[in-house]
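Student: Here is a sequence together with a model predicted from it:
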Amino acid sequence: MTVSSLAALPDQLPDARAVFAGRGLACERGGRRVFQGLSFTVCAGEALVLVGRNGSGKSSLLRLMAGLSRPAQGSLTWNAGDIADDSEAHHGRLHLIGHQDAIKPALTVNENLGFWARYRGAGPCASARIADALRAFALERLAELPARYLSQGQRRRLSLCRLLASPAQLWLLDEPRAGLDRAASTSLDAALAHHRAAGGIAVVVLHAEDHPPEARVLDFDAVKAGG
Ligand SMILES: Nc1ncnc2c1ncn2[C@@H]1O[C@H](COP(=O)(O)OP(=O)(O)OP(=O)(O)O)[C@@H](O)[C@H]1O
């Protein structure tokens, strides 16, 4: 994917000096402490890669970052304000692409993205953004296909199109390369690079040694596990 095929992405995101931080975070799932004493800071234009063994809490941290659950201890702040103080604003600034793909099988590929863009309050450029997103992840020829017929990798690509179909400063991506072929993985790298160049922040769970350039790494194997 060339950068020119990412015309849908803004040249500059709204907060060029954004700082997203967590301090002294502890996480509990099902009444069990998963990790504690975890801190991070990630600024506009940066990527933070989460690595670590299965079950160490990477997806759980993404949920905390998205405001879908609350830390058992510690705080998460956007520009020094607790994200829980204005959860609507926080949800509006982020995209979370998790293991569940949230694709509606009866809708076509195009309709899925239209639905998503409307949900996100996409403006007059929505159609152009969707077209660019489909081109970026090589789904144009499948635009009118009901999503239930997509292969696993194609479904993943459709999920990633959501990143481009409406702008958001914070991308939270859980193993985004899962199921992607080499070309789609390269497209993802280009989208991440463009996002960061525009002042976006990305937090990405990855297992392989395929980190975006100059990404900082948070290794869960070095984080204190719960008791
Ligand atoms: N809904 C839940 N109820 C109880 N425990 C849960 C729940 N979801 C996750 N856990 C537990 O929390 C721990 C962390 O899970 P999490 O999915 O965050 O790990 P992960 O680092 O993302 O793992 P993986 O690399 O396998 O994807 C695991 O021990 C898991 O069993």
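Tutor: Everything's here; your move. Numbers count the residues shown, from 1 in each chain.
Student: Based on its surroundings, how many neighbours for R70?
Tutor: Neighbour count for R70, taken as other CB atoms under 10 Å: 13. Backbone N, C-alpha and C define where each C-beta goes, glycine included.
Student: nearest residue to it other than its sequence neighbours?
Tutor: In space, and not counting its chain neighbours, R70 is closest to A84: 6.8 Å by CB to CB, 6 or more residues apart in numbering.
Student: Quick check: phi and psi at whichever residue of the chain sits closest to the ligand.
Tutor: The ligand sits closest to G30 of the chain, with a gap of 2.7 Å, by CB to the nearest ligand atom. Here is the backbone geometry of G30 (degrees, to the nearest 10): phi 60, psi 30.
Student: show me where the protein has helices.
Tutor: 58-66, 87-92, 109-119, 126-136, 152-165, 182-197 (DSSP state H).
Student: Those helices: which one's closest to R23?
Tutor: helix 58-66 (12.1 Å; CB to CB).
Student: So that closest one, near the ligand or not?
Tutor: Yes. Helix 58-66 comes into contact with the ligand (CB under 6 Å from any ligand atom), by way of 58-60.
Student: Could you list the residues in contact with that helix?
Tutor: By CB atoms under 8 Å, 6 or more residues apart in numbering, the surrounding residues in contact with helix 58-66 are 20, 22, 25, 27, 29, 34-35, 38, 50-52, 69-71, 76, 91, 94, 96, 98-99, 170, 172, 174, 203, 205, 220.
Student: Is it correct that V223 is in contact with V34?
Tutor: No. If you go by CB atoms under 8 Å, V223 and V34 don't touch, sitting 9.6 Å apart.
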